[in-house]
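Peer 1: Got a predicted structure plus its sequence, pasted below:
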Amino acid sequence: MVCLACLLPLFLVPIVNLLPLLFHLIMAKVYGLFGWEYRKPERAPAACPYKPGANNSKVGVESVPGGAPEHGLKPGAVENSKCD
């Protein structure tokens, strides 16, 4: 025999999954009573924690193991090309 506490999640999961659908259905009925149109808000897609979509590193700048980006100039060299 199985205890009722073990069976409770089997019945709660479908109910919890239906809550957003029921909310939008009820909101549509309430808005309909006022003569308004209820539109469901667009939901953002789920973000995968293992493959982040936004990367904070810069694409064009590659760093050398010393930590300073390589620009083709020697450290301390100053470019004096002024155009008048």
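Peer 2: Looks like it came in fine.

Peer 1: Report pLDDT for residue 7.
Peer 2: On the pLDDT scale, residue 7 is placed at 82.

Peer 1: tell me which element it falls in.
Peer 2: helix 4-34 (DSSP states H and E).

Peer 1: Same question for residue 2.
Peer 2: Counting by DSSP H and E, residue 2 is found in no helix or strand.

Peer 1: for the protein, what are the low-confidence residue spans?
Peer 2: Applying pLDDT under 70 to the chain flags the ranges 51-84.

Peer 1: ok, 80 please
Peer 2: When residues are selected by pLDDT under 80, those of the chain lie in 1-2, 43, 46-84.

Peer 1: contacting residues for residue 28?
Peer 2: Going by CB atoms under 8 Å, 6 or more residues apart in numbering, residue 28 touches residue 38. C-betas here are computed from N, CA, C, even on glycine.

Peer 1: Distance check, it against residue 34.
Peer 2: Look at residue 28 and residue 34: by CB to CB, to the nearest Å, they are 11 Å apart.

Peer 1: again, but for residue 44
Peer 2: On the measure of CB to CB, residue 44 and residue 34 end up 28 Å apart.

Peer 1: again, but for residue 49
Peer 2: Counting by CB to CB, the gap from residue 49 to residue 34 is 41 Å.

Peer 1: With residue 40 instead?
Peer 2: Distance check for residue 40 against residue 34: by CB to CB, it reads 17 Å.

Peer 1: So if I had to pick from the two, which one is more boxed in?
Peer 2: A side-by-side neighbour count of residue 40 and residue 34, using other CB atoms under 10 Å, places residue 40 first with 11 against 8.
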